[in-house]
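Asker: Fold the stuff below for me.
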Amino acid sequence: MLATTAIAGAPANTFNLPQLIEQAERGNKDLQAARYAIDIGRARLVQAGLRPNPTLDLSGRSDFLFNNEGEYDVAIALNQEFPVAGRILRQKDVARVDIALAEMEVAEAERKLADDIAGKVYRLLVSQRKEGALGSIIVSEEKLLKTSRARFRAAEVSELDVNTVQLDLQRLGMDRALLHDEQQVLTGALNILLGRDAGAALTVLEPLPESRPLPGLAQLEHKALQQRPDLQAALLGVDRAVAEKALARSLRWQDWSVGLELAQDKQAILGAPEQGVDRSIGVSVSIPLPVFNKGQGLIAEADANRD
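Answerer: Numbers count the residues shown, from 1 in each chain. Below you'll find the predicted structure:
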């Protein structure tokens, strides 16, 4: 069973492929940034489900600067807007699809990150295998060079033969140096993907995969449709366009406003006895009519996004 951190009994900087991928999913900066989109989507879902705040209206009038007969009226009103066409539900539908899209984007980023890590790991392992094989060849070439020089001193081979072996040995040394440089570059790239310093020590213990025949094309297509987050995100894009259109249709009817008013007034009538205080309660309803703005542009935009 694979460990979730370093391999048991191995140094702390030694990992196998699953552990490298797990470490990258925790430490990769780009992946962390992509996950913030999910948190943003959840916050927008909360905001989308909130009703408008009520408004408190205060008003008052008096004649104290004019006749000063004691006339006045004051009123306090509480108004609340109510969505009548399912606007809040439609907003929440769009926000839910946005969350699902963000999750698919994170899953796609994780898939690409795992693919990138696997590609670099296997390139690193192949390079190490090549370097090991070159090391064995170099040892043999060094023995051959030593033998050739001894035979040259015994006049059994020419100087050209000795030089040829020496040139081959130098070429093999250059090839091994190139492989070593390639491994340094791959190790640095892996460290960056893991969210570590590029120069940090890193050892990969992973066997090269065995060669297996590929499944049939139909099976590969079915697996891709089921597991590829980018394909699922494309389908969610259609769902978002449908949700946006439903929201645009609901916005044709703006929120209705219902108000409750409590008023008090006093009037002064010339030649009449002093009037008493009148109190009243009123109810108001404000209904915006979709005469000019019917959300035509938003509906057309949603249709274009769907197409």
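Asker: and the residue nearest the centre of the chain, how far is that from Ile117?
Answerer: Nearest to the mean C-alpha position of the chain, by C-alpha atoms, centre = their mean, lies Ala34 at 2.7 Å. Taking C-beta to C-beta, to the nearest Å as the measure, Ala34 falls 16 Å from Ile117. From N, CA and C alone the C-beta is placed, and that goes for glycine too.
Asker: The longest helix along the chain packs against which elements?
Answerer: Longest helix in the chain by number of residues (criterion: DSSP state H): helix 87-153. Other helices and strands packing on helix 87-153, by 3 or more C-beta pairs under 8 Å, 6 or more residues apart in numbering; DSSP states H and E, are helix 17-27, helix 29-48, helix 159-193, strand 203-204, helix 229-250.
Asker: Those: which one's closest to Lys146?
Answerer: helix 159-193 (9.5 Å; C-beta to C-beta).
Asker: May I see the buried residues of that closest one?
Answerer: When neighbours are counted by 16 or more other C-beta atoms under 10 Å, the buried residues of helix 159-193 are found to be 162, 165, 169, 172, 176, 179, 182-183, 186-191, 193.
Asker: Could you list the low-pLDDT ranges of the chain?
Answerer: 1-11, 209-211, 270-272, 306-307 (pLDDT under 70).
Asker: again, only using 50
Answerer: 1-9 (pLDDT under 50).
Asker: now the helix or strand hosting Leu298, how far from the chain's geometric center?
Answerer: For Leu298, the host element (DSSP states H and E) is helix 296-306. A distance of 25 Å separates the centroid of the chain from that of helix 296-306, by C-alpha atoms, centre = their mean, to the nearest Å.
Asker: do stretch 30-43 as well
Answerer: Relative to its parent chain, stretch 30-43 has a centroid offset of 5 Å by C-alpha atoms, centre = their mean.
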